[in-house]
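Chemist: Fold the stuff below for me.
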Amino acid sequence: MYNLRTPLVIRQAGYDDIKLSAHYETKSLEPPIYYSIRIALVTEKYWEVELIHNKLFLKNKPTAVQGFSISHGHNLIIINRAWKHRKIILRVGAGIALVHPETTIRNEKYSENKGIFKMGYYIAGPVVQIAIEKQFNLYKKLFAAVEGKFIGSFSRIPISDGNADVLNVAFHGLLGLSYHF
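Modeler: Residues are numbered from 1 along each chain as shown. Predicted coordinates:
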């Protein structure tokens, strides 16, 4: 996965806004790992529901930012419309970001015991994606899949005494398995 540099604005009561060109890393293979799960109703043109568990860690933190990550989930819940041509699948999708922010700004840590069911999760903003996938038959209805995605999301996340606008634009590369019922 490759995250493009994007604007980040942090607003906290009583302080000037922090504005920067954010550089995020994902740490895809560190727990909790990056994953994607998709369920599809397959015809020539079909619909899919997809969950991508992504993580964002701010790499270029200014001194006022001690911690800024969305690591228990920059979860992307997407409804896709897909078209299959031979073993190539094209898809476009839109959905929402369900996020779990972990932040400490100006030494003020944001409580993770708020949000949906007081578990630290928030519906934070819209997501869009375009993707292309190639499938390779392994055995009967079992396929290997290689997929490239371009995903953009905007999230407004809470921080202690304020909020932050997080724009994420990234290229995702996935390897996986697909089973056709």
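Chemist: so who does residue 148 touch?
Modeler: 131-133, 171-174 (C-beta atoms under 8 Å, 6 or more residues apart in numbering). The way it works is simple: take the backbone N, C-alpha and C, and place the C-beta from them, glycine included.
Chemist: what's the answer for residue 50, then?
Modeler: Counting by C-beta under 8 Å, 6+ apart, residue 50 touches 36-39, 76-80, 93, 95.
Chemist: for residue 13, same thing?
Modeler: 161-162.
Chemist: I'd like the numbering to begin with 801 instead of 1 from here.
Modeler: Yes, from this point I'll number from 801; that puts the last item at residue 813.
Chemist: Next, find the distance separating it from residue 951.
Modeler: With distances taken as C-beta to C-beta, to the nearest Å, residue 813 is found 32 Å from residue 951.
Chemist: next one: residue 815
Modeler: Counting by C-beta to C-beta - residue 815 and residue 951 are separated by 31 Å.
Chemist: The two: which has the busier surroundings?
Modeler: residue 951 (21 against 13; other C-beta atoms under 10 Å).
Chemist: Could you identify the helix or strand that succeeds the host helix or strand of that one?
Modeler: Residue 951 belongs to strand 942-959 when elements are defined using DSSP states H and E. Once the chain leaves strand 942-959, the next helix or strand it forms, by DSSP H and E, is strand 962-979.
Chemist: Which neighbouring elements make contact with that following strand?
Modeler: strand 802-803, strand 806-812, strand 835-841, strand 845-858, strand 865-885, strand 922-939, strand 942-959 (3 or more C-beta pairs under 8 Å, 6 or more residues apart in numbering; DSSP states H and E).
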